[in-house]
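Peer 1: Can you look at this prediction? I've put the sequence above it.
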Amino acid sequence: MPALAALVILPFAPRLAARLGFLPAMVGGAFIGVAVVLLLPIFQSVEAWIALRFLMGVGLVFPWLLGETWINTVTTDEPRGRVLSLYAAALFGGYGAGPLALGALPEGLAWPVAIGAASLVLVSVPLLIARRLAPPMAGHGQASFAAALRIAPIGMVGALLAGVLEFAYIALLPTFALRSGVEQSGSLHLLTAFLWGGVFLAPAFGWLADRVQRPRLLVGLVLGFAALAAPAAWLVGHPLGLAATLLLGGVALAFYTLGLAILGERARPVDLAPANAAFLVVYQLGTLGGPPIVGAAMDSWPPTGFVAATIAYALLSAILIIALMAVEGRRSRV
């Protein structure tokens, strides 16, 4: 439901935020999240949670979208990869820390609700402290959504890559491991390694993104993912498989950072909010569409179809990026 909410609200979010301003939109969105978290224990029917989770997604779209827009607006091109890699490490660190925290808490909703609400309140504090540093929203949101999609096509491919491959592994890696004979605890350790690989390796890929032409680096990482996926799957259940999965996660989660960096270098500051909204829509389409397609491949060819589908998708994406680079190269020579 949060992903669906993002798809619904993102095309309109830049204009709404332009009317409200950076800080009111970001903090207001976070406090919508606080309110929803506190309502979850009160209304516990499936229907109520569908509505509440949708509303939570609407609120949290604003700190997500505007946080990335803020970073890309104030960052110059030379350190953009390193700055965005720190952001990505925090983002995926949150993904990885949430399940670990849940596993350490007592059963029931009380502690998760308290920690979730407190976290959303606490992350608003530095925003309020830094309110004078927020870039102006005047002029943002004027580009049409269709035009925003065309601003950085290679960056959009990076968003789709990230959405499909990240969430195919997040959703299905434990199932693949179980079907390959790994115990349940071992399958969850693989998922932890995948997520934390993105956190630990983000600075290295951010450093590379500031020294290598970013579209070329994206192609190299996509091909690296395709080369790593098969050995990581073959070694599943072996200690070396854990290391290979950590490295694979670092590569897969770098697609998001690189796509965002390419977007930042191609878009004018005034176009960053709508372009970033388009980027997030493409990413969310990948998160929704990737797991069912890869899951169907795993069911059709168990369990090898999981790896085959992700490798095939990575190779097709590499071909598309190379084709887009060729088009850009011809345009620059005209």
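Peer 2: Arrived safely, thanks for sending.

Peer 1: make it CA atoms for all contacts and neighbour counts henceforth
Peer 2: Will do.

Peer 1: mean confidence score for stretch 199-214?
Peer 2: Stretch 199-214 carries an average pLDDT of 93.

Peer 1: Alpha carbons of that stretch, in PDB - could you do that?
Peer 2: Listed next in PDB are the C-alpha coordinates belonging to stretch 199-214 (Å, rounded to 0.1, in the frame of the first residue of the first chain):
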ATOM      1  CA  VAL A 199      25.400   0.200   3.300                       C
ATOM      2  CA  PHE A 200      29.100  -0.800   3.700                       C
ATOM      3  CA  LEU A 201      30.000  -0.500   0.000                       C
ATOM      4  CA  ALA A 202      28.000   2.700  -0.800                       C
ATOM      5  CA  PRO A 203      31.000   5.100   0.000                       C
ATOM      6  CA  ALA A 204      33.300   3.100  -2.400                       C
ATOM      7  CA  PHE A 205      30.800   3.300  -5.200                       C
ATOM      8  CA  GLY A 206      30.100   7.000  -4.500                       C
ATOM      9  CA  TRP A 207      33.800   7.700  -4.700                       C
ATOM     10  CA  LEU A 208      33.900   5.900  -8.100                       C
ATOM     11  CA  ALA A 209      30.900   7.800  -9.300                       C
ATOM     12  CA  ASP A 210      32.900  11.100  -8.900                       C
ATOM     13  CA  ARG A 211      35.900   9.700 -10.900                       C
ATOM     14  CA  VAL A 212      34.300   7.700 -13.700                       C
ATOM     15  CA  GLN A 213      31.700   8.800 -16.200                       C
ATOM     16  CA  ARG A 214      28.500   7.800 -14.400                       C
END
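
Peer 1: List the residues that contact residue 224.
Peer 2: Contact analysis of residue 224 by C-alpha atoms under 8 Å, 6 or more residues apart in numbering lists residue 251.

Peer 1: Tell me the first helix or strand C-terminal of the strand or helix carrying it.
Peer 2: Taking DSSP states H and E as the criterion, residue 224 maps to helix 214-234. Downstream of helix 214-234, the first helix or strand assigned by DSSP H and E is helix 239-266.

Peer 1: tell me what that following helix is packed against?
Peer 2: Secondary-structure packing of helix 239-266 (3 or more C-alpha pairs under 8 Å, 6 or more residues apart in numbering; DSSP states H and E): helix 46-74, helix 80-104, helix 153-179, helix 184-209, helix 214-234, helix 272-300.

Peer 1: okay, those in CSV with distance to residue 258 next?
Peer 2: Shown next, in CSV, are the helices and strands packed on helix 239-266 (distance: least, C-alpha to C-alpha, whole Å):
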stretch, distance to residue 258
helix 46-74, 12
helix 80-104, 7
helix 153-179, 7
helix 184-209, 7
helix 214-234, 7
helix 272-300, 12
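
Peer 1: nearest to residue 318, of those?
Peer 2: Ranking the helices and strands packed on helix 239-266 by proximity to residue 318 (C-alpha to C-alpha) places helix 214-234 first, at 5.4 Å.

Peer 1: how many neighbours does the residue lying closest to residue 1 once chain neighbours are set aside have?
Peer 2: Excluding its sequence neighbours, the residue lying closest to residue 1 (C-alpha to C-alpha, 6 or more residues apart in numbering) is residue 54, at 4.9 Å. Other residues within reach of residue 54, judged by other C-alpha atoms under 10 Å, total 19.

Peer 1: Who are the contact partners of residue 209?
Peer 2: The contact partners of residue 209, taken as C-alpha under 8 Å, 6+ apart, are 81-82, 217, 258.

Peer 1: Thanks a lot, catch you later.
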